[in-house]
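Novice: Here you go, sequence then predicted model.
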Amino acid sequence: MAFYRQLGVIPPKRHTQHRDDNGNLYYEELMGEEGFSSDSALLYHKYIPSAIVDATEWKVPDQATTPNHPLKPRHLKLHDLFPESVWNDTDVVTGRRMILGNPDVRISYAVSKKPSPLYRNVVGDEMVYVESGTAKVETVFGTLEAEPGDYVLLPMATTHRWVPTGDEPLRAYTIEANSHIVPPKRYLSKFGQFLENAPFCERDLHGPAEPLIVEEENVEVLVKHRTSHGIVGTRYLMPNHPFDVVGWDGCLYPYTFSIHDYEPITGRVHQPPPAHQSFEGSNFVICNFVPRKVDYHPLSIPVPYYHSNVDSDEVMFYVGGDYEARKGSGIGQGSISVHPGGHAHGPQPGAYERSIGAEFFDELAVMVDTFRPLELGEGALACEDAAYAGSWNRNREASK
């Protein structure tokens with residue numbers, strides 16, 4: 001992203017001496033993507049960022065998956081995974097439960113009132129959607145304030161921790177990439193500025209406001225990383241707290257983006273899912289379905305047509321409003337529908353006809369479409385509504 005920011009104290013020219021009031025040098029770190037050929041930031045540390053005292057194994061949450069076989073649509077009830085009795089003992093990093101995954105992306109869910117450990121993911125970027133609750137996300141770049149409806153983008157290798165605030169538990173829907181997560185290229189100029197036809201712009205992205213400096217010694221940091229045997233974890237003991245950055249600048253940093261700032265693209269007839277896209281990673285996209293005026297052709301059918309998107313699995317996370325196409329299926333807030341490639345899917349029986357004449361849909365959902373098949377994590381297997389696959393036929397028979 002070509003949206004440059006600068007925080008704290010930095011020298012007038014990069015890669016030159018930068019000293020504190022006592023003449024001590026700060027340590028410059030280049031955090032960059034794609035081998036010095038893409039976006040980067042320069043961070044100035046009080047202490048050497050490479051220093052560790054010890055490194056031991058950290059067992060990451062269960063990453064195992066099971067194929068969606070036999071092939072069928074699924075309904076997953078995420079709110080069933082975390083009863084109130086566990087909220088005070090769960091955090092949104094180590095308490096994540098794997099829902100869906102493939103070699104490109106993993107989707108997990110957690111509900112918590114407990115601060116997380118310090119953590120960084122060096123497998124890929126993380127996009128965390130805050131379903132409800134509030135939190136401070138403390139990072140090596142500074143602090144982000146996260147509210148319901150916020151996406152929190154955490155670039156690969158960003159050391160951070162989640163601190164829930166307020167009385168309501170933090171419900172976090174995490175999309176972990178094996179790549180970087182960026183706005184769609186079609187909404188950007190050749191230099192990276194958002195174009196006039198983009199459904200959001202730089203003003204909607206909110207980064208840290210000031211540096212966060214913590215003086216503490218012998219600090220643990222959990223690191224998720226890759227080996228030839230898959231995703232593993234390491235626990236570092238660091239001599240100084242990693243939040244020691246006095247200033248930074250660049251185009252790579254964490255930020256929040258509210259789904260409520262997404263301006264929907266509408267038309268006279270039903271718009272296909274790419275009209276709802278907000279971000280993309282390698283072999284997957286993220287889309288928003290928000291309250292909007294719907295199709296206004298005099299003969300339009302506002303709910304989606306039945307479709308078999310043969311190259312994609314479609315995952316819809318229902319986070320608010322009243323989703324017209326799914327009435328009668330048992331889906332509500334906190335539900336996920338999984339519609340796999342190769343299976344035609346669309347509105348529940350009756351919804352097609354009921355939508356005719358509608359002028360506005362009050363719905364809120366986060367969609368992930370993947371271009372390789374998704375498998376089911378242990379969390380999905382624990383909260384599936386097994387009756388969903390037959391709901392089109394069951395509801396059709398009941399309506400006769």
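Specialist: Looks like it arrived, so ask away. Numbers count the residues shown, from 1 in each chain.

Novice: make it CA atoms for all contacts and neighbour counts henceforth
Specialist: Will do.

Novice: residues in contact with the closest residue to Glu216 other than its chain neighbours?
Specialist: Leaving out its chain neighbours, the residue that sits closest to Glu216 by C-alpha to C-alpha, 6 or more residues apart in numbering is His241, at 5.2 Å. Taking C-alpha atoms under 8 Å, 6 or more residues apart in numbering, we find His241 in contact with 214-219.

Novice: Then Thr159?
Specialist: With contact set as C-alpha under 8 Å, 6+ apart, Thr159 has these partners: 118-121, 139-140, 221, 242.

Novice: rerun at 6 Å
Specialist: 119-120, 139-140 (C-alpha atoms under 6 Å, 6 or more residues apart in numbering).

Novice: Count the residues that sit near Arg19.
Specialist: 15 (other C-alpha atoms under 10 Å).

Novice: what is it paired to in the beta sheet?
Specialist: Here Arg19 sits in beta bridges with Leu25, going by DSSP bridges.

Novice: Met156 versus the residue nearest to the spatial centre of the chain, what's the distance?
Specialist: In the chain, the residue lying closest to the centroid (C-alpha atoms, centre = their mean) is Met127, at 2.4 Å. Per C-alpha to C-alpha, to the nearest Å, Met127 is found 10 Å from Met156.

Novice: With Ser335 instead?
Specialist: For Ser335 relative to Met156 (C-alpha to C-alpha), the value is 28 Å.

Novice: more neighbours, these two?
Specialist: Using other C-alpha under 10 Å as the criterion, Ser335 and Met156 rank with Met156 on top: 25 against 22.

Novice: so who does the residue lying closest to that one once chain neighbours are set aside touch?
Specialist: Nearest residue to Met156 in three dimensions, chain neighbours excluded: Asp125, at 4.4 Å (C-alpha to C-alpha, 6+ apart). Counting by C-alpha under 6 Å, 6+ apart, Asp125 makes contact with 154-156, 177, 180.

Novice: change it to 10 Å
Specialist: Applying C-alpha atoms under 10 Å, 6 or more residues apart in numbering to Asp125 gives the contacts 105, 153-158, 175-182, 254, 281.

Novice: For it, give its distance to Thr159.
Specialist: Asp125 is 12 Å from Thr159, by C-alpha to C-alpha.

Novice: and if you look at Phe360?
Specialist: Distance, Phe360 to Thr159, using C-alpha to C-alpha: 42 Å.

Novice: Does Gly281 touch Ala177 like I think?
Specialist: Yes. The criterion here is C-alpha atoms under 10 Å, and Gly281 meets it with Ala177 at 6.8 Å.

Novice: which neighbours do the two share?
Specialist: Residues touching both Gly281 and Ala177 (C-alpha under 10 Å, 6+ apart) are 104-105, 124-125.

Novice: Show me which of these is closest to Pro298.
Specialist: Lowest distance from Pro298 to those (C-alpha to C-alpha) belongs to Val105, with 40.5 Å.

Novice: neighbours around the closest one, how many?
Specialist: Counted with other C-alpha under 10 Å, Val105 comes out at 23.

Novice: ok, it - contacts?
Specialist: Contacts for Val105 (C-alpha under 10 Å, 6+ apart) come out as 124-126, 175-179, 281-284, 368, 370, 372, 374.

Novice: What about the shared contacts of Gly281 and Ala177, which are in helices?
Specialist: Using DSSP state H, no member of the shared contacts of Gly281 and Ala177 falls within helices.

Novice: Can you tell me what sits against stretch 270-279?
Specialist: Here stretch 270-279 makes contact (C-alpha under 10 Å, 6+ apart) with 127, 181-185, 187, 198-200, 259, 262-267, 285-290, 294-297, 300-305, 366-369.

Novice: For the stretch 1-150 of the chain, which residues score under the pLDDT cut-off?
Specialist: Along the stretch 1-150 of the chain, segments meeting pLDDT under 70 span 1-2.

Novice: quick one: average pLDDT of stretch 233-248?
Specialist: Averaged across stretch 233-248, the pLDDT comes to 98.
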